[in-house]
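Trainee: Sharing a model that was predicted from the sequence below.
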Amino acid sequence: METQILFLIAFIIWSFPSGIIRSRFRKMVYKTDSWLINIQPYFLEETKVLLGMHNIKKDENRRLISFYRFYLVVYLLLFLGILCF
């Protein structure tokens with residue numbers, strides 16, 4: 001029970017910057033500065049970029065994609081930690 005609570009606390013803390021990181025990622029993928037991109041349900045292009053099906057040329061964009069992948073993997077591991085422990 002203690003381990004599950006620790007995972008839950010870590011999960012909540014890790015969630016705080018998710019809106020900002022996802023917003024930057026979506027703006028990069030869809031090449032827009034509009035805030036409306038954050039509430040629109042586009043998933044196909046994001047998935048293609050995350051899986052490496054798009055050729056990204058700028059190093060800054062590659063870093064953002066790598067960081068977002070890392071962020072999502074840690075998010076998934078924390079979620080699995082809550083479920084498993």
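Mentor: Structure's in. What do you need?

Trainee: Going by C-alpha atoms from here, please, whenever you check contacts or count neighbours.
Mentor: Noted.

Trainee: Leu64 against Phe25, yeah?
Mentor: Yes. The criterion here is C-alpha atoms under 8 Å, and Leu64 meets it with Phe25 at 6.8 Å.

Trainee: So for those two, which sits in the more crowded spot?
Mentor: Using other C-alpha atoms under 10 Å as the criterion, Leu64 and Phe25 rank with Phe25 on top: 21 against 16.

Trainee: any idea which helix or strand carries Arg24?
Mentor: According to DSSP states H and E, Arg24 maps onto helix 18-30.

Trainee: And that helix, what's buried?
Mentor: Across helix 18-30, burial judged by 16 or more other C-alpha atoms under 10 Å covers Arg22, Ser23, Arg24, Phe25, Arg26, Lys27, Val29.

Trainee: give the contact list for the fifth one.
Mentor: In other words, Arg26. Contact analysis of Arg26 by C-alpha atoms under 8 Å, 6 or more residues apart in numbering lists Ile37, Asn38, Glu46.

Trainee: Any stretches of this structure with poor pLDDT?
Mentor: Counting by pLDDT under 70, the chain contains no low-confidence range.

Trainee: Where is the longest helix in it?
Mentor: helix 59-84 (DSSP state H).

Trainee: List the buried residues of that helix.
Mentor: Buried-residue list, helix 59-84, by 16+ other C-alpha under 10 Å: Leu64, Ile65, Tyr68, Tyr71, Tyr75, Leu78, Phe79, Gly81, Ile82.
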